[in-house]
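# fold the following.
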Amino acid sequence: MRYNLSMSQLHIDLLEPAGFDDFLRYLNDHLSDNGRGDTAYFQPLPRADSRFPADKAAAFRAGMQTPPGTPGWRRVWLARAADGRIAGHIDLRAHPERYAAHRCLLGMGVDRAFRQQGLGRRLIEHAAHWARTSAQLAWIDLQVLSVNAPALRLYQSQGFERTGETHDLFRIDGRSFAYTGMSMRLDGHRP
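Residues are numbered from 1 along each chain as shown. Below is the predicted model:
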């Protein structure tokens, strides 16, 4: 079923640890679309194993309770429809590299029933505002499978610039996949 809602009918809130299990159910359902039908691969996972790994879920949960600016921190926001259904998510997390605390990594997804309605743009704007004002970050970086044309268009329309591509990084389901790196400088910050 496809929802046709105005963006004013959706609200975006920080995910609290108590809601993590509900988020994980949504995320596993979202990942079940990976590479299926007309949906491009959006995660470097085989179609038969497109579930969120337990070790990553544990790190995700721990990062939510780690203060920004501290190694391993992560913040997650959920967009919910009026009926409480999760329509999409966005997360920002610390770079694993030392001396990169002025930057963060972005991950996001939109539920199949809410795609192509502007929610991705709204989620990026929300996270970028937090990164600028609350975390005082200078850059947001991301990596996206190069075959995911809808995501590449969205990120470029929001001000992300391509920083490079790693060809043949993944071999999944008998196919070779490249990874595109992208970055967005946040307003008011200079290197």
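# name the element Asp22 belongs to?
Assigned by DSSP states H and E, Asp22 falls within helix 20-31.
# in the next helix or strand after that helix, which residues are buried?
Heading C-terminal from helix 20-31, the first helix or strand you meet, by DSSP H and E, is helix 54-64. For helix 54-64, the neighbour count (16 or more other C-beta atoms under 10 Å) marks 57, 60-61, 63-64 as buried. No exception for glycine: its C-beta is placed from N, CA and C like everyone else's.
# check the offset of helix 54-64 from the chain's centre.
15 Å (C-alpha atoms, centre = their mean, to the nearest Å).
# can you list the weak-confidence ranges in the protein?
Counting by pLDDT under 70, the chain shows low-confidence ranges at 1-8, 188-191.
# count the neighbours of the closest residue to Arg112 other than its chain neighbours for me.
Counting by C-beta to C-beta, 6 or more residues apart in numbering, Arg112 lies nearest to Asp33, which is 5.7 Å off, once chain neighbours are set aside. The number of residues packed near Asp33 is 20, by other C-beta atoms under 10 Å.
# just the helices in the chain please.
For the chain, the helices defined by DSSP state H occupy 20-31, 54-64, 119-133, 149-157.
# what's the closest of these to Ser183?
Proximity to Ser183 (C-beta to C-beta) singles out helix 149-157 among those, at 9.8 Å.
# which elements pack onto that closest one?
Helices and strands touching helix 149-157, by 3 or more C-beta pairs under 8 Å, 6 or more residues apart in numbering; DSSP states H and E, are helix 119-133, strand 139-145, strand 175-185.
# any idea which of the ones you listed is most buried?
Among the helices and strands packed on helix 149-157, strand 139-145 has the highest mean neighbour count (mean count of other C-beta atoms under 10 Å), at a mean of 20.
# dump that strand to PDB, restricted to CA.
Taking C-alpha atoms only, strand 139-145 is exported to PDB below (Å, rounded to 0.1, in the frame of the first residue of the first chain):
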ATOM      1  CA  TRP A 139      30.900  17.900   7.200                       C
ATOM      2  CA  ILE A 140      28.500  15.100   6.500                       C
ATOM      3  CA  ASP A 141      29.900  12.100   4.500                       C
ATOM      4  CA  LEU A 142      28.200   9.100   3.100                       C
ATOM      5  CA  GLN A 143      28.800   6.100   0.900                       C
ATOM      6  CA  VAL A 144      26.200   4.700  -1.400                       C
ATOM      7  CA  LEU A 145      26.100   1.800  -3.900                       C
END
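# which residues touch the helix holding Asp22?
Identification of contacts with helix 20-31 by C-beta atoms under 8 Å, 6 or more residues apart in numbering yields 15, 43, 45, 50-52, 57, 60-61, 64, 76, 78, 86, 89, 109, 111-112.
# in it, which residues are buried?
Residues of helix 20-31 classed as buried by neighbour count (16+ other C-beta under 10 Å): 20, 23-24, 26-27, 30-31.
# fine by me, thanks again.
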